[in-house]
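Colleague: need a 3D model of the sequence below.
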Amino acid sequence: MRIKLILAGFLAICFSAEPGLGLLPRIGAQTTTLTVRSFLDGVEVPGAHVYLGGVRQGETTPITYGVEVGTVLIVHVVLPGSEGRYFSPATTRVELLKAEALEWRAELRSQPGPVRGKRWVVPGLDLAFTSLRAGSFRMGCSVTGGDELPHTVTLTRPFWMGIHETELRHFKEFVANSGYRTSAEKEGYRDTWLERRQGENHPVTFVSWFDAVAFCSWLTEQERFLGRLPRGYEYRLPTEAEWEYGCRAGGGSGFSGEAFDLGWFAENSGGEVHEAGKKSPNAWGLWDMHGNVWEWCADG
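Modeller: The predicted model follows:
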């Protein structure tokens, strides 16, 4: 599979905040208050999102909670990013052991984020994306037997696309952090992504469309929690049109260069899946758009 980072708008996945964590004190219990404020580079900024115990509260800073004495909370504050920069979140453990009001100043820091026209690498995951401009191209195939007649398609928004297939190491990180089980594992199939005995830099294989969508959803939620996604951005699978647009890379033919330089086929692969990114990229900086493994799209 190959994923992309987009401005929400077409085939977008929408996420709603989870129900708030119950903080209402018991009747007759001793209470105190916790006030959360957010500061960016030393200047107070309102509007940061507050998570208590890992659950999004739906409120934004500054906010004051009435809390029962004896409560211990993990408080996480994140300010949604904007194009070109994001804000490192702040997390702390708060022990409300006395009937004394507490205030926590969440100190956030500005960091460079995704910028249109430039490559973006997800920090800590080493998952790289190349920026593609909006534009038009001829989609389909005029060769006899092609499954789609040529027609003009216009993509009205720029987007980022993964520079090559999602690698095994990226999928491992997803499973380790979420406890996810693939469709093949749930159905008891012998061949699963775990049984392929391939290296960390090989494309992950034996994953279903649902598995690919789950990976994208996890990545979106993680990056939002860490404040690295600008408002309206998400990670998802490319549509078939977006994938073909990237594959053609501004050219009129099905190949953006010499086929044997760009991809792995029956004639040069030895019947094996090869590490991602070992052939030449196309004109737009995308590897393995031809051969190696099949890739999922959002619409099939």
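
Colleague: can you give me the helices in the stretch 151-300 of the chain?
Modeller: Assigned by DSSP state H, counting those that start in this stretch, the helices in the stretch 151-300 of the chain fall at 168-178, 183-187, 209-225, 240-248, 259-262.

Colleague: CSV for these, including distance to residue 195 and mean pLDDT?
Modeller: (Glycine included, C-beta is placed from N, CA and C.) Converted to CSV, the helices of the stretch 151-300 of the chain look like this (distance: least, CB to CB, whole Å; pLDDT from 0 to 100):
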stretch, distance to residue 195, mean pLDDT
helix 168-178, 12, 95
helix 183-187, 9, 93
helix 209-225, 15, 94
helix 240-248, 27, 92
helix 259-262, 29, 81
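
Colleague: residue 203: which of these is closest?
Modeller: Nearest of these to residue 203, taken as CB to CB: helix 168-178 at 7.3 Å.

Colleague: buried residues of that closest one, list them for me.
Modeller: Residues of helix 168-178 classed as buried: 168, 170, 171, 173, 174, 175 (neighbour count, 16 or more other CB atoms under 10 Å).

Colleague: return the residues in contact with the fifth one.
Modeller: Put plainly, it is residue 174. Shown in contact with residue 174 (CB atoms under 8 Å, 6 or more residues apart in numbering): 180, 214, 215, 218, 219.

Colleague: please spell out the ChimeraX selection for the buried subset of the residues you listed.
Modeller: Filtering the contacts of residue 174 down to the buried ones (16+ other CB under 10 Å) takes a single ChimeraX command:
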select :214,215,218,219
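
Colleague: low pLDDT regions in this structure?
Modeller: 1-28, 142-147, 196, 253-257 (pLDDT under 70).

Colleague: related to what we said a few turns ago, how about the helices of the stretch 151-300 of the chain in JSON lines, adding distance to residue 140?
Modeller: Converted to JSON lines, the helices of the stretch 151-300 of the chain look like this (distance: least, CB to CB, whole Å):
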{"stretch": "helix 168-178", "distance to residue 140": "31"}
{"stretch": "helix 183-187", "distance to residue 140": "30"}
{"stretch": "helix 209-225", "distance to residue 140": "22"}
{"stretch": "helix 240-248", "distance to residue 140": "8"}
{"stretch": "helix 259-262", "distance to residue 140": "19"}
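
Colleague: just tell me which of those ends up closest to residue 45.
Modeller: Nearest of the helices of the stretch 151-300 of the chain to residue 45, taken as CB to CB: helix 209-225 at 17.7 Å.

Colleague: and the closest one, what does it pack onto?
Modeller: Here helix 209-225 touches strand 71-78, helix 168-178, strand 233-236, going by 3 or more CB pairs under 8 Å, 6 or more residues apart in numbering; DSSP states H and E.

Colleague: make it 6 Å
Modeller: Applying 3 or more CB pairs under 6 Å, 6 or more residues apart in numbering; DSSP states H and E, one finds that helix 209-225 makes contact with helix 168-178, strand 233-236.

Colleague: give me phi/psi at the nearest residue to residue 63 once chain neighbours are set aside?
Modeller: Nearest non-adjacent residue to residue 63, counting by CB to CB, 6 or more residues apart in numbering: residue 36, 5.5 Å away. Torsion angles at residue 36 (phi, psi; degrees, to the nearest 10) stand at phi -110, psi 120.

Colleague: going forward, count from 24.
Modeller: Renumbered: residue one is now 24, and that last one reads residue 59.

Colleague: give me the neighbour count for residue 59.
Modeller: 26 (other CB atoms under 10 Å).

Colleague: contacts only, for residue 230.
Modeller: 205, 216 (CB atoms under 6 Å, 6 or more residues apart in numbering).

Colleague: mind redoing it with 8 Å?
Modeller: Contacts of residue 230 (CB under 8 Å, 6+ apart): 24, 194, 205, 206, 207, 216, 238, 319.

Colleague: buried ones only from those residues, please, as a ChimeraX command.
Modeller: Filtering the contacts of residue 230 down to the buried ones (16+ other CB under 10 Å) takes a single ChimeraX command:
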select :24,194,205,207,216,238,319
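
Colleague: list just the nearest of the contacts of residue 230 to residue 283.
Modeller: Looking across the contacts of residue 230 and measuring by CB to CB, the closest to residue 283 is residue 24, at 24.1 Å.
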